[in-house]
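Visitor: model the following, please.
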Amino acid sequence: RALVAEFGGTALFVLFGCGALCSSLSGALEGAWPVGAVWGVGLALAMLVTQHISGAHLNPAVTLAYLLVRPEPQAMTPRRAGWYAAAQL
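Guide: Alright, predicted model coming up:
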C-alpha cells in the first residue's frame, strides 16, 4: 500500500509540474511565478494525499535521507528504501 502511495504521489507531483511547464511553453501561463505556484500546489497536494500512508517522501533523495538520518520513525531499512526509490522512479 505504501509503495502504491509513493508511486501515485510522485506521479501526481510530476503531472502538475510538467503540466505547468508545458502550459508556459504553449503560452497559457506567463512567466516563472505561475509555473512555480502550480508546481508547489502539486507537491502540496501529493504530500497531503500520501503522508498518512507512506510518509510522503516522493523523492529518492528524501528516502535516502530518512534511511541515513531517521530510520526508526518509519522503520526504514535498506530494502524498504530500495522499494520506495523504485516506486518513486
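
Visitor: what lies in contact with the longest helix along the chain?
Guide: In the chain, taking DSSP state H as the definition, the longest helix is helix 2-26. For helix 2-26, the external contacting residues (Cβ atoms under 8 Å, 6 or more residues apart in numbering) are 29-31, 34-35, 38-39, 41-43, 45-47, 49-50, 53-59, 83-84, 86-88. In short, each C-beta sits where N, CA and C put it, glycine included.

Visitor: switch the cut-off to 6 Å
Guide: Surrounding helix 2-26, the residues in contact under the criterion Cβ atoms under 6 Å, 6 or more residues apart in numbering are 29, 35, 38-39, 42-43, 46, 50, 53-54, 58, 83-84, 87-88.

Visitor: for the following helix or strand past it, packing partners?
Guide: Next helix or strand after helix 2-26 toward the C-terminus (DSSP states H and E): helix 32-54. Judged by 3 or more Cβ pairs under 6 Å, 6 or more residues apart in numbering; DSSP states H and E, the packing partners of helix 32-54 are helix 2-26.

Visitor: hmm, back to that, in the longest helix of the chain, what counts as buried?
Guide: 2, 5-10, 12-13, 16-17, 19-20, 24 (16 or more other Cβ atoms under 10 Å).

Visitor: which of the three states applies to the most centrally placed residue in the chain?
Guide: By Cα atoms, centre = their mean, the mean C-alpha position of the chain lies nearest to residue 58, the distance being 2.8 Å. Following DSSP: H, G, I helix; E, B strand; the rest coil, residue 58 is assigned to coil.

Visitor: residues touching it, list them.
Guide: So residue 58 contacts 9, 10, 13, 46 (Cβ under 6 Å, 6+ apart).

Visitor: the buried residues of helix 2-26 into JSON lines, with extra columns for pLDDT?
Guide: What follows is the buried residues of helix 2-26, written out as JSON lines (pLDDT from 0 to 100):
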{"residue": "2", "pLDDT": "88"}
{"residue": "5", "pLDDT": "92"}
{"residue": "6", "pLDDT": "91"}
{"residue": "7", "pLDDT": "92"}
{"residue": "8", "pLDDT": "92"}
{"residue": "9", "pLDDT": "91"}
{"residue": "10", "pLDDT": "91"}
{"residue": "12", "pLDDT": "91"}
{"residue": "13", "pLDDT": "89"}
{"residue": "16", "pLDDT": "90"}
{"residue": "17", "pLDDT": "87"}
{"residue": "19", "pLDDT": "88"}
{"residue": "20", "pLDDT": "86"}
{"residue": "24", "pLDDT": "83"}
